[in-house]
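J.: show me the folded form of this:
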Amino acid sequence: MNTRTDAHRPMRDLLKRLPQLPMTGRQEIDFPAADVSLLVAIGDDAQTTIQAIHHGIASIGLLLAHSAPVIEDGTVGADDVESIGYMLSELCTLAASLITLSAQCRRQTFDFAPE
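T.: A predicted model of the protein is given here:
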């Protein structure tokens, strides 16, 4: 993972690159027809995004575990905790999808050797 001073924004870059992928007639990504450099970049961005999501979820879990007293006494509302739960669920679903995307990109580029 990059340092905080590094300007690399993998999720933003991933979202910019995804529309560049060619599609099949069935509206699925045509990995064999895609530019290899694009697939490598998408695979890298997906992997880095997965790492950021996993580290962030672990940190949120730690914070929630340590904030049990303020949740219990009502300082932090149950609806806030519920919202965090839904967000974590969506992030985990995103991470699972990105693992699949990254694996498909890697499968198409396993023998790619940049110049």
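J.: okay, CA-based contacts and neighbour counts for the rest of this
T.: Will do.
J.: how close does the residue lying closest to Phe31 once chain neighbours are set aside get to Leu14?
T.: Leaving aside its chain neighbours, Phe31 sits nearest to Gln108 (6.8 Å; criterion: C-alpha to C-alpha, 6 or more residues apart in numbering). Between Gln108 and Leu14 the computed distance is 17 Å (C-alpha to C-alpha, to the nearest Å).
J.: state the mean pLDDT of the host helix or strand of the residue nearest to Phe31.
T.: Per DSSP states H and E, Gln108 falls inside helix 78-109. The pLDDT scores in helix 78-109 average 94.
J.: and what of stretch 33-40?
T.: Per-residue pLDDT over stretch 33-40 has a mean of 96.
J.: which residues are contacting that stretch?
T.: Defining contact as C-alpha atoms under 8 Å, 6 or more residues apart in numbering, one finds that stretch 33-40 is touched by 17, 21-22, 31, 105-106, 108-109, 112.
J.: now those in TSV, please, with extra columns for distance to Gln47 and neighbour count.
T.: Below are those laid out as TSV (distance: C-alpha to C-alpha, whole Å; neighbours: other C-alpha atoms under 10 Å):
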residue	distance to Gln47	neighbour count
Arg17	14	15
Leu21	17	17
Pro22	21	16
Phe31	17	18
Cys105	11	23
Arg106	10	18
Gln108	15	17
Thr109	14	19
Phe112	17	11
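J.: phi first, then psi, for the residue of the chain positioned farthest from its centre.
T.: Residue distances from the centre of the chain (C-alpha atoms, centre = their mean) peak at Asp73, which lies 34.1 Å from the mean C-alpha position. Per-residue torsions, Asp73: phi -90, psi 0 (degrees, to the nearest 10).
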